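J.: Starting from these lines, generate the structure:
(chains A, B, C and D)
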Number of protein chains: 4
Amino acid sequence: MGNTFGHLFRVTTGGVSHGPGYAVIIDGCPPGLPLSVEDLLPDLRRRRPGQSKIVTQRKEDDAPEIWSGVFEGHTDGTPITILFRNTDQRSPDYGDIKDKYRPGHADFTFDAKYGFRDYRGGGRSSARETICRVAAGAIAKKLLARLGIRILGYVKQVGDVYANIPDPTAVTLEQVEATPVRCPDAVAAARMIDLIDEVRKDQDSIGGVSELVAVGVPPGWGEPVFDKLKADLAKALLSLPAVMAFEYGAGFAVASARGSANNDVFVRKEERIGTSTNRHGGMLGGISSGEPIVCRVAIKPTSSLSRPQSTVTRAGEPTEIATRGRHDPCLLPRFVPMGEAMMALVLVDHWLRWRAQCSTEETNRATVHRLQ
Amino acid sequence: MGNTFGHLFRVTTGGVSHGPGYAVIIDGCPPGLPLSVEDLLPDLRRRRPGQSKIVTQRKEDDAPEIWSGVFEGHTDGTPITILFRNTDQRSPDYGDIKDKYRPGHADFTFDAKYGFRDYRGGGRSSARETICRVAAGAIAKKLLARLGIRILGYVKQVGDVYANIPDPTAVTLEQVEATPVRCPDAVAAARMIDLIDEVRKDQDSIGGVSELVAVGVPPGWGEPVFDKLKADLAKALLSLPAVMAFEYGAGFAVASARGSANNDVFVRKEERIGTSTNRHGGMLGGISSGEPIVCRVAIKPTSSLSRPQSTVTRAGEPTEIATRGRHDPCLLPRFVPMGEAMMALVLVDHWLRWRAQCSTEETNRATVHRLQ
Amino acid sequence: MGNTFGHLFRVTTGGVSHGPGYAVIIDGCPPGLPLSVEDLLPDLRRRRPGQSKIVTQRKEDDAPEIWSGVFEGHTDGTPITILFRNTDQRSPDYGDIKDKYRPGHADFTFDAKYGFRDYRGGGRSSARETICRVAAGAIAKKLLARLGIRILGYVKQVGDVYANIPDPTAVTLEQVEATPVRCPDAVAAARMIDLIDEVRKDQDSIGGVSELVAVGVPPGWGEPVFDKLKADLAKALLSLPAVMAFEYGAGFAVASARGSANNDVFVRKEERIGTSTNRHGGMLGGISSGEPIVCRVAIKPTSSLSRPQSTVTRAGEPTEIATRGRHDPCLLPRFVPMGEAMMALVLVDHWLRWRAQCSTEETNRATVHRLQ
Amino acid sequence: MGNTFGHLFRVTTGGVSHGPGYAVIIDGCPPGLPLSVEDLLPDLRRRRPGQSKIVTQRKEDDAPEIWSGVFEGHTDGTPITILFRNTDQRSPDYGDIKDKYRPGHADFTFDAKYGFRDYRGGGRSSARETICRVAAGAIAKKLLARLGIRILGYVKQVGDVYANIPDPTAVTLEQVEATPVRCPDAVAAARMIDLIDEVRKDQDSIGGVSELVAVGVPPGWGEPVFDKLKADLAKALLSLPAVMAFEYGAGFAVASARGSANNDVFVRKEERIGTSTNRHGGMLGGISSGEPIVCRVAIKPTSSLSRPQSTVTRAGEPTEIATRGRHDPCLLPRFVPMGEAMMALVLVDHWLRWRAQCSTEETNRATVHRLQ
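T.: Have a look, this model is predicted:
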């Protein structure tokens, strides 16, 4: 269960890393959006293994095939079906994991849940599944772009190297893509790359933090109780592999803050009401405030290591395992498009909810019609 | 939208803080669980305003009425309907917020979303809605207790006061309830109480961190892709008011960790396979590992302050607001039962999913039948 | 499970016939709809026991209390909570059914499903639950009325008495309400009333057919695959007690028809495209065509009879049962508002889906804005 | 929207008739079921065009490819992804329908809903989508078979030719498959075949009725309120193209029946409680009774005719259309596996719900463990 995401913009994925490929069915995209395979490629390239020296050198064929939902160059309102074929599977690389539990992986928990598992490269737990999400997210981002909403993620921390980002909303895609580590602070980026290179040589891996920003979201998206925008973002991002933590706005720092210092006061901003600061990360009561939505996630160091780690066999016997595959020494650079995709999926879903529930003509004029 | 939580154990809430009361309908509870109003009272009392000097002195009548779903002392498989009447509403206290936007509250975003709002005490955005969740959570906790699962939360940090909790799984309910601040470290608790008292006198408020622990969850609960256990926990907890951040296991600390140090290695533990450390917080690949589930959330300082704060009116004119109501100087003590409730709802939902999907007779014998 | 209906306009009900009462939570109603208790009363009166001699003389207090979701006379976008208290419960009337299975009722199947049951008056299987649906339906009908959509049901057949309804779309509410049997054909109505009186005196009951019509539904509502409008209508109506069959348009008569005679040809109708006949009942490919939606359901004769019927005890011993309660000799007159309510719930749900998914500005102007 | 069916056994389909192919993702199948492509073929062959002279001679390549969810010959609990490639598309046959609305088809309603449509062979409204459902249904039927449940459909009426089926539960698959029309009454089958041949030569089409039977369903499946088993069956079957009506048990005949004659009395049947007759079609209060589940659907005559029919263009101009494609003169023979599939999907979904909610050890032993 649980292979579908979203209430109105629904993404269902199927497929495993070492089978024939993956399929994703995207249900609920409004008709009329110009769409082609080319729209999917940029983010797929940002996610792709082998894109630089600091990511895994594994080769995957990430060419998407659109099987339905696009007619004469536009979405037609019916489900968008996209396929990805697996090509470079190299099954022998993974043979050892059949009977040994890799530390930090889902091998043991899959066995506990299902009684047995597809042990080829992680099977359904492989992060290759995110290829489906990145494709769906590219469509979501395109829908949002037509509403004037821009989503951008970047790497904020790798190990003990912290980027200096004075204004998250001022970061550009060009800055992010300027270095293979996707950190817009060039000085920090260089140090991050060195660090990643160092851990790689050391047959080790390193964690980090990614920050995600959505600019242009109008006030009023999100639901006040269970489906708070912050809650859906947290779920979306925690549903990605290796994400261990989520925070938005001031995040964990609120724990040591006083209300008088933490509250963002409302002010008039030209034609709209806003806040003078944004410690609330663009969401109040679970609903967007019109200020930029800013959140961060922590990603653990890659669990797969070339160096031997102690573990047990399925029978519980002590043993060692060294995963010989080609793994990312740091997941952060390739995480960025995945995080952006999940953020976009949540926002599009709440945009559609908003369209369904909104009432005033003014609001319609401002937002519904902007898509036209 | 978004007033229902859960897929198989579904909780739907309705009601506002200054209307006649609240209703919660809990759908999907298996039949046969002994249940009465008395089962709901302990956690409701832990959530109740006025329980101690360090929480709001507002008085609420939190007596639950069970209208259906329990027959002759047992749940009967049909929806459990519980009502709470509002009594101490004191509407005049809130009159000022009709036209002025309280910083940190949902007043502005509700107006942006719906065009107008119930301005009496926050209306639907009032945290009084959590009374429904705590009642539902008490039922969920009782179901889990029959499976040998214990859920316990406590306060880990208030402002700059940190509790020393050497072993989260060793904390007892008695320790937590020993002080009004619900911090099991008695020394830290005393300092937290002093700090809360200080900010209260200063017409201010203070944030904090709560840690939540589930002991006894068997391996195999959770879904591998979108409905990862960690993702559903994150959503559940972020759906509570004032929660700004979530982390599990090592959490944000993984950002600066190396894989070789962060991975928990598998070992044989008597009759089962486990890990020697628990930096993974009891979840691997989104599925429970059998180790204790440990997570933390950060809660912002109460937004309502008695001291004046600058803001704007609905028309955008600058003004000041001092919320005269009786507010918690620190949300943490009353948060604990809310956090436990949401954790319990997620776990029960995944337990029912597990029952639906499981296959082997052994697993059935071990877990399905334990409820009997 | 299964106590919630709808995807965007979600109705959740709780309560049993012989407990304190019922609660219904309606989630997803757009804000701004003028609403008060008075809007609910007309349909509740049409559903109410004791309204005429040909229905049950049982007395129920059907006064709704709106607990939330309406503020200053308008829906405010948050869940609408409505309560109904039970007053005339007369539990002793039902004592016999604790250990004996009433033919045609859910006593046996509840025991089989849950292991035991609330035997007081049917418990959760009581048709009194439909009071919640009728209240929710009244809100849905009011939303639809603002879009120019009128929903009307009536009795078409009772036993072997058939009404002559030359044009379903010409029937008026006044005609329907002119007789207690709710059949707009006055001649047939008189014969139906005689027949119902006859079976009542005979300690028996009689079945019938109700026809439901929606006029003014624009073309384009409904989904092409699983959530076809016809499929959702069928589910909605079959979810009502005692409904054994559903058909729309030509219905079962298509079985003996040829395509050349059954197809409705498209024609130009002033400003729109329509069909010259309506054997398709207003739905093509699961989507509304703009022609009136017409469907029919068959309702079985009341299962409860005052005359003795043979049955078995819970232990399987042969016995007899005569249900001494006050039952409808014919369910049809009171069914009409229930059927209308379910039809309205389906249409509002698909209207909201349409708003979420629609694309062209013209369509928005025509339909979204009509609510304003 | 609406391209997913089911709550716990979830089937999502994507694809169009004249694109590259179809994908179906089946989420929620328990692990451990032996499964291969061969299990899908029998029902796919029964659905396939060109299987006999009385169905369409269109050729489709219906070879399924399983891309995931099966490992080493068994389902592994992860989503089952199945692909079907389109080969014999013959687009030129359909060119005329781009600008003309075919009577009885979804051309006009798609345009009204989406603003434009994929006009190649019906696009998303093509009945070729049911290939996905038949494949999913074959898996569902295999799960049910392991519980001792057999699902069988057959043709009961074509035009004015009625089959004589004294006992629906005694019909065998061999009898059904003995003739190309899938009517187990050999005499009626011959007349049906003649009739279909006659209408085909006459460039016309003919409707009919199919009866569907599930034997072996234990008592206790289904939910008492909105998700009644009868309601979910009605939705499932009405979601199939061309289905205009649904009834179960005595169906529409109850309209003229008296309660004393219609009620099925409970009797002891060896080791269980049952009813002496089955006018209730195996469902009481929306829950299975243990008696055979029997329902019927009416299917309209094929809308596509080779003879000219009058219609209008997209611009509303009067015109004629003769659909030159190769169409079924009668949909009934190929409907049977589709109807069985939808019935199986509903039953498996309710079986899984039952597993999640059930409580007593006895019930578990009887039913949950039967899968082992």
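
J.: low-scoring stretches of the stretch 251-372 of chain A, by residue?
T.: Judged against pLDDT under 70, the low-scoring parts of the stretch 251-372 of chain A cover residues A:325, A:360-372.

J.: now the strands for it?
T.: With strands called from DSSP state E, counting those that start in this stretch, the stretch 251-372 of chain A shows them at A:266-269, A:272-275, A:283-284, A:287-288, A:293-299, A:309-312, A:318-321.

J.: Can you tell me the closest non-neighbouring residue to A:Asn263?
T.: B:Pro103 (3.9 Å; Cβ to Cβ, 6 or more residues apart in numbering or on different chains). From N, CA and C alone the C-beta is placed, and that goes for glycine too.

J.: Am I right that that neighbour sits in a strand?
T.: No: with the criterion set as DSSP: H, G, I helix; E, B strand; the rest coil, the secondary structure at B:Pro103 is coil rather than a strand.

J.: neighbours around it, how many?
T.: Neighbour count for B:Pro103, taken as other Cβ atoms under 10 Å in any protein chain shown: 26.

J.: do the same with A:Met342
T.: 32.

J.: give me phi/psi at the closest residue to it other than its chain neighbours?
T.: For A:Met342, ignoring the flanking residues on the chain, the nearest one in space by Cβ to Cβ, 6+ apart is A:Ala236 at 3.9 Å. Summarising the backbone geometry of A:Ala236 under the convention degrees, to the nearest 10, its torsions are phi -60, psi -40.

J.: Retrieve the pLDDT associated with A:Ala236.
T.: pLDDT, the model's per-residue confidence, is 98 for A:Ala236.

J.: ok, now which ones touch it?
T.: The neighbourhood of A:Ala236, defined by Cβ atoms under 8 Å, 6 or more residues apart in numbering or on different chains, consists of A:5, A:342-343, A:345-346, B:231.

J.: now do A:Lys300
T.: A:Lys300 makes contact with A:104, A:207, A:242, A:244, A:331, B:250, B:254, B:257, B:259, B:262 under the criterion Cβ under 8 Å, 6+ apart.

J.: Could you find the closest non-adjacent residue to the residue sitting furthest away from the middle of chain A?
T.: Checked against the mean C-alpha position of chain A, the extreme residue using Cα atoms, centre = their mean is A:Glu317, at a distance of 36.7 Å. Ranked by Cβ to Cβ, 6+ apart and with sequence neighbours excluded, the top spatial neighbour of A:Glu317 is B:Arg268, at 7.7 Å.

J.: unless I'm mixing things up, that neighbour is touching A:Arg314, no?
T.: No: the pair B:Arg268 and A:Arg314 fails to qualify as a contact (Cβ atoms under 8 Å) at a distance of 11.5 Å.

J.: Assess the claim that A:Gln175 and A:Pro184 are in contact.
T.: Yes: contact criterion Cβ under 8 Å: A:Gln175 and A:Pro184 qualify, at 3.7 Å.

J.: Which neighbours do the two have in common?
T.: With contacts defined as Cβ under 8 Å, 6+ apart, the residues shared by A:Gln175 and A:Pro184 are A:Tyr154.

J.: can you give me the strands for the stretch 101-250 of chain A?
T.: With strands called from DSSP E, counting those that start in this stretch, the stretch 101-250 of chain A shows them at A:150-158, A:161-162, A:208-215, A:243-248.

J.: of all the strands of the stretch 251-372 of chain A, which gets the most neighbours per residue?
T.: Comparing those by mean neighbour count (mean count of other Cβ atoms under 10 Å in any protein chain shown), strand A:283-284 comes out on top with a mean of 30.

J.: Can you list the neighbours in contact with that one?
T.: Under the criterion Cβ under 8 Å, 6+ apart, residues A:222, A:228-230, A:248-249, A:289, A:293, B:104-106, B:108-109 lie in contact with strand A:283-284.

J.: how about those residues in a markdown table, adding distance to chain C?
T.: Below are the contacts of strand A:283-284 laid out as a markdown table (distance: Cβ to the nearest Cβ, whole Å):
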| residue | distance to chain C |
| --- | --- |
| A:Gly222 | 12 |
| A:Lys228 | 14 |
| A:Leu229 | 15 |
| A:Lys230 | 18 |
| A:Tyr248 | 23 |
| A:Gly249 | 24 |
| A:Ser289 | 17 |
| A:Ile293 | 21 |
| B:Gly104 | 20 |
| B:His105 | 15 |
| B:Ala106 | 11 |
| B:Phe108 | 15 |
| B:Thr109 | 12 |
